[in-house]
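Chemist: structure for the following, please:
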Amino acid sequence: MTFHRGDDGKLRTSSVDEILNGRRLRRLRRTDWSRRLVRETTVSVDDLIWPMFVVEGENVRVDVPSMPGVQRISIDIAARQAEEAAELGIPAIALFPYTDPDLRDETGSEALNEQNLVCRATRAMKAAAPEVGIVTDVALDPFTSHGHDGFLRGDEILNDETVDQLCRAALVQAASGSDVIAPSDMMDGRVGAIRQALDGAGFHHVQIMAYTAKYASAFYGPFRDAVGTNKTLRGDKRTYQMDPGNSDEALHEAELDIAEGADSIMVKPGMPYLDIIRRLKDAFSVPTFAYQVSGEYAMIKAAAQNGWIDGDRAMWESLMAFKRAGADGVLTYFAPFIARQMKTRG
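Modeler: Numbers count the residues shown, from 1 in each chain. The predicted structure is shown next:
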């Protein structure tokens, strides 16, 4: 019962049903079958891209301490995990290398080596599971001695010289069988230059997934541990990665990337930038991806390990948030866990 005053000033009562006029939204939430039937947003295995870290050696697994459950793996294991991705129905894998420090230099020249770790891993994984897409990161930071994504002169990152190197690296990766070139460097003009380079070399079929709105974020720390750049990085990346306070700028970046030939665009990190995902999807209606980055993953895992949250529910809820915001797919370290749960549930 609820109380209100009538026109005469006297206190009167009304039933909840009178107030609602029979409109009770909880009826649809009462049972599991009903909740599933009216659910607006769902997550499927088709939404997943599985990021993997590869390392030299054979039968090598190295735990990444800041990312519980994630390992650097050697190429032979990566090939087996590509087969597992195919069995689970995961559409694509994103590859990131842990490059031997002795092979890193000021210009990231190892990125141009046709026998580098990424290229050999790509060939092995495509041979093992040709139906799984391979997404390769085109940036120089895993290969540079200073940990930056481009050529460095003093404290300045050189844009155009970096773009030229990125084009060469993209061609090497495409020749190795990469299905999707994903430039994550945030240099101006790199999408158009890479598209021209790929087309000029006959790689018309190779996609470009642009890291369109990649923010200068505090959430990348565990990833940098995984690829070995935390110890090498000089300074920060704020002169080329986006300012976290900017939203309109993301639309400008997307407009440029699409005009230059990007087949899909990405927002990174994911959860702190759900508003950016929504704005880009609404504005451009192109395939839009979110990267649930290492820091997001690590927070959920750490809280779950301490018993502070239900890790499985948080994992699912976080992915649902990306889909609800408009993402067509998510790069997430939870990909194999999600896919296995889906397969178990049938």
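Chemist: I'd guessed residue 247 sits against residue 278; true?
Modeler: No. Residue 247 lies out of contact with residue 278 (C-beta atoms under 8 Å); the separation is 10.3 Å. For glycine as for every other residue, the C-beta is placed from the backbone atoms N, C-alpha and C.
Chemist: helix or strand: which one has residue 125?
Modeler: Element membership for residue 125, per DSSP states H and E: helix 117-128.
Chemist: remind me what the following helix or strand past that helix packs against, helices and strands.
Modeler: Sequence order places strand 133-138 as the next helix or strand after helix 117-128, per DSSP H and E. For strand 133-138, the packing partners by 3 or more C-beta pairs under 8 Å, 6 or more residues apart in numbering; DSSP states H and E come out as strand 92-97, helix 117-128, helix 159-175, strand 180-183.
Chemist: which of those sits most buried?
Modeler: strand 180-183 (a mean of 26; mean count of other C-beta atoms under 10 Å).
Chemist: in its sheet, what does it sit against?
Modeler: strand 133-138 (parallel), strand 207-214 (parallel) (DSSP bridges).
Chemist: next structured bit after the first one?
Modeler: Proceeding C-terminally, strand 133-138 gives way to strand 151-153 as the next helix or strand, assigned by DSSP H and E.
Chemist: just to revisit the earlier point, so how far is the helix holding residue 125 off the chain centroid?
Modeler: Averaged C-alpha coordinates place helix 117-128 at 20 Å from its chain's average position (C-alpha atoms, centre = their mean, to the nearest Å).
Chemist: contact partners of that helix?
Modeler: For helix 117-128, the external contacting residues (C-beta atoms under 8 Å, 6 or more residues apart in numbering) are 54-56, 75-76, 78-80, 82-83, 93, 95, 97-99, 113, 132, 134, 136-137, 172-173, 175-178.
Chemist: please apply the same query to stretch 69-79.
Modeler: So stretch 69-79 is contacted by 52-64, 81, 95, 98, 117, 120-121, 124-125, 127-129, 226, 297, 301, 333, 337 (C-beta under 8 Å, 6+ apart).
Chemist: same check on stretch 222-232?
Modeler: 53, 64-67, 70, 72, 96-99, 101, 104, 141-142, 144-147, 221, 233, 293-295, 297-298.
Chemist: distance between the ends of it?
Modeler: By C-alpha to C-alpha, to the nearest Å, the extent of stretch 222-232 from end to end equals 14 Å.
Chemist: what does stretch 126-136 give?
Modeler: Counting by C-alpha to C-alpha, you get 12 Å between the two ends of stretch 126-136.
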